[in-house]
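Enquirer: Coordinates for the following, if possible.
(2 chains)
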Amino acid sequence: MAESVHALQGFRDILPDEQPYWRFIEDTATSVAQLYGYRCIETPLLEETAVFRKTVGEGTDIVDREMYAFDDKADKDGNSLNITIRPEGTAGVVRAYLEHGMFRLQLPVKLYYTNAPMFRHEKPQAGRYREHHQFGCEALGESDAVVDAEMIGLLHQIYTQLGLTHIRVNINSIGDTICRPEYIKKLKAYYEPLLTSCCDDCKVRFHKNPLRLLDCKEPQDQPKIANAPKIADNLDAACQEHFEAVKRYLDFYGVPYTVNPLLVRGLDYYTRTVFEFTNENNKTALNGGGRYDGLAEILGGEQTPGIGFGMGMERTILELKRQNVVPPAEPATQVFVAYLAKTPELKDTTVQLVAELRHAGIKTEMGYGDRSFKAQMKRANSSNAEYAIIIGENELANGFVTIRRSGTESAEVKRGEVIAYLNGEEGEDQK
RNA sequence: GUGGUUGUAGCUCAAUGGCAGAGUCCUGGAUUGUGGUUCCAGUUGUUGUGGGUUCGAGCCCCAUCAGCCACCCCA
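Expert: Below is the predicted model of the structure:
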């Protein structure tokens, strides 16, 4: 054998046994999103690096050290574009919204994407991969707090329909471009004299991402966090009013949310409402999102309010498994056709019959490779086929086949009446 | 990116520094034409990879790759 190859670190294959989970999430999320008036969009995996650098933000880990960025092939003048395999979904959707003039449509434009691969060069562990997949929604062109509440309601409905319980909904408002800088100034003024006694991470956060100071888990820093100025007390009137409205509408959707004044999000583009759903046991975020009223402008468009989220599909699957939620099974094999003797005529007849059944929409399997009859029937059994059809010398000579329904007597059915027989049986079954 | 831990058959796992094994799966048979159960037989490995110590390494040492855990961060 040649030198063995394996998938890259943090990359994995999604094997057939896992697929029912993926289809379950995809189908559920898609149908709920459509129920809320969202329509599907797909954008390229590759974007100009600037699309992410300008929106997600310099100084964030995603941009600073996790992006798969490289120079594209040079053109004839030797110029090349720096491009990035997307680390998140929002920037590309907003880029597409602007590029296609969707701001001329009735607003808001409500979009979703599903099974969308995202790439971040992180150190992997369970529920955290270098390639992961998101289901996500974006609503563009509307600042009404109803849209915020409706999006969180949509997300909550997805988890409910998936059968998940005890999901925690955390929300917060982190202000806008007017009041947040004021707040950060205040926060830094508060932390400055305390900095020498802070953990090393917090010393970095102070300069790089001050809001993250509130997120520190070191015991020594907890009292500092408790006494720190709260962003909720420092929202301007408009942001305050918006947040109050979001909470009021959320109640109408019956979402059991918790206001978490320490919830901040790592991406620079968020404004006002931010939210994150977590499971009961650990702190793992199942999704994350928020409003980003300044994002379109950063990408060169008109000022455009927007809000969106990304939901981690791998993490949702982990939670489904943790809560023992079993996804709908794949359709079972209905018919297995076995042939008795290893003669060309019998095998030909089998292949013909299998083709007919499949063309008629009946999920059919057969034994390959001239295995023994016993082996074929074993396979019929392991495929859970409802019917076994047996073709032998007698059947071939007299133009019939033997059909045996699992656990019942065999029946002899004329060669031309097999499909009618199977459909008839199914029909009776449903009465 | 930091620290820790694990790596043996397709899968789940054994093996005091001394012949690398079991269960399961797969294939065939017991049963020469009917899906279960049982029984019998067979296939499966450069012990993640590369070095080192040793008479001798799956086991000890170093490196490397990968998984997992705690951080960082995030979905």
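
Enquirer: now the helices: where do they sit in the stretch 301-431 of chain A?
Expert: Taking DSSP state H, counting those that start in this stretch, the helices of the stretch 301-431 of chain A run over residues A:313-322, A:344-359, A:373-382, A:393-398, A:418-430.

Enquirer: The helix or strand hosting residue A:246 - what's its average pLDDT?
Expert: For residue A:246, the host element (DSSP states H and E) is helix A:237-252. For helix A:237-252, the mean pLDDT works out to 97.

Enquirer: Show me what it packs onto, helices and strands only.
Expert: Applying 3 or more C-beta pairs under 8 Å, 6 or more residues apart in numbering; DSSP states H and E, one finds that helix A:237-252 contacts helix A:145-162, strand A:168-173, strand A:257-259, strand A:271-278. In this view, the C-beta of every residue, glycine as well, is placed from N, C-alpha and C.

Enquirer: 10 Å instead, please
Expert: Secondary-structure packing of helix A:237-252 (3 or more C-beta pairs under 10 Å, 6 or more residues apart in numbering; DSSP states H and E): helix A:145-162, strand A:168-173, helix A:179-191, strand A:257-259, strand A:271-278.

Enquirer: Deepest in the core, which of the ones you listed is it.
Expert: Of all the helices and strands packed on helix A:237-252, strand A:271-278 carries the top mean neighbour count, a mean of 25, counting by mean count of other C-beta atoms under 10 Å.

Enquirer: ok and that strand relative to strand A:168-173, angle-wise?
Expert: Here strand A:271-278 points in a direction 170 degrees away from that of strand A:168-173 (axes from the mean of the first three to the mean of the last three C-alpha atoms, to 10 degrees).

Enquirer: Just confirm residue A:206 contacts residue A:192, I think it does.
Expert: Yes - counting by C-beta atoms under 10 Å, residue A:206 touches residue A:192, with 8.0 Å between them.

Enquirer: export the helices of the stretch 301-431 of chain A to JSON lines and tack on mean pLDDT, distance to RNA strand B and mean neighbour count?
Expert: Output for the helices of the stretch 301-431 of chain A, formatted as JSON lines (pLDDT from 0 to 100; distance: least, C-beta to the nearest atom of the strand, whole Å; neighbours: other C-beta atoms under 10 Å):
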{"stretch": "helix A:313-322", "mean pLDDT": "94", "distance to RNA strand B": "5", "mean neighbour count": "20"}
{"stretch": "helix A:344-359", "mean pLDDT": "91", "distance to RNA strand B": "10", "mean neighbour count": "15"}
{"stretch": "helix A:373-382", "mean pLDDT": "86", "distance to RNA strand B": "3", "mean neighbour count": "16"}
{"stretch": "helix A:393-398", "mean pLDDT": "88", "distance to RNA strand B": "3", "mean neighbour count": "14"}
{"stretch": "helix A:418-430", "mean pLDDT": "74", "distance to RNA strand B": "11", "mean neighbour count": "13"}
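
Enquirer: Quick check, residue A:263 in contact with residue A:230.
Expert: No - the criterion here is C-beta under 10 Å, and residue A:263 misses it with residue A:230 at 11.7 Å.

Enquirer: Comparing these two, which shows the higher neighbour count?
Expert: Set residue A:263 next to residue A:230 and count neighbours by other C-beta atoms under 10 Å: residue A:263 wins out with 21 against 14.

Enquirer: Could you report the pLDDT at the more buried one?
Expert: So, for residue A:263, pLDDT stands at 91.

Enquirer: And for residue A:21?
Expert: At residue A:21, the pLDDT value in this model is 95.

Enquirer: OK, contacts around the closest residue to it other than its chain neighbours?
Expert: With C-beta to C-beta, 6 or more residues apart in numbering as the criterion, residue A:21 has its nearest non-adjacent residue at 4.6 Å, and that residue is residue A:317. With contact taken as C-beta atoms under 10 Å, 6 or more residues apart in numbering, residue A:317 is in contact with A:14, A:18, A:21, A:22, A:24, A:25, A:127, A:133, A:325, A:327.

Enquirer: which among the residues you listed gets closest to RNA strand B?
Expert: Distance ranking of these against RNA strand B, using C-beta to the nearest atom of the strand, places residue A:127 first at 5.9 Å.

Enquirer: tell me the contacts of that closest one?
Expert: Applying C-beta under 10 Å, 6+ apart to residue A:127 gives the contacts A:282, A:284, A:285, A:286, A:312, A:314, A:315, A:316, A:317, A:318, A:319.

Enquirer: So the fifth one sits against residue A:128, correct?
Expert: When you say that, I think you mean residue A:312. Yes - counting by C-beta under 10 Å, residue A:312 touches residue A:128, with 9.0 Å between them.

Enquirer: Looking at these two, which is more packed in?
Expert: Between residue A:312 and residue A:128, counting by other C-beta under 10 Å, residue A:312 is the more crowded of the two (23 against 15).

Enquirer: re the thing from before, quick one, which of the helices and strands packed on helix A:237-252 is nearest to RNA strand B?
Expert: The minimum distance between RNA strand B and those falls on strand A:271-278, with 6.3 Å, by C-beta to the nearest atom of the strand.

Enquirer: which residues sit in contact with the residue lying closest to residue A:313 once chain neighbours are set aside?
Expert: The shortest distance from residue A:313 to any non-neighbouring residue, by C-beta to C-beta, 6+ apart, is to residue A:133 (4.3 Å). Counting by C-beta under 10 Å, 6+ apart, residue A:133 touches A:14, A:22, A:25-26, A:114-118, A:310-317.

Enquirer: Can you name the residues bridging to residue A:133?
Expert: Counting by DSSP bridges, residue A:133 is bridged to residue A:117.

Enquirer: and stretch A:98-113, is it in reach of RNA strand B?
Expert: No - figure legend: stretch A:98-113 not in contact with RNA strand B (C-beta under 7 Å from any atom of the strand); closest approach 12.7 Å.

Enquirer: mind checking how far that stretch is from the chain centre?
Expert: Chain-centre distance of stretch A:98-113: 21 Å, with C-alpha atoms, centre = their mean, to the nearest Å.

Enquirer: What are the buried residues along that stretch?
Expert: Residues A:98, A:102, A:108, A:109, A:110, A:111, A:112, A:113 are the ones in stretch A:98-113 that count as buried (16 or more other C-beta atoms under 10 Å).
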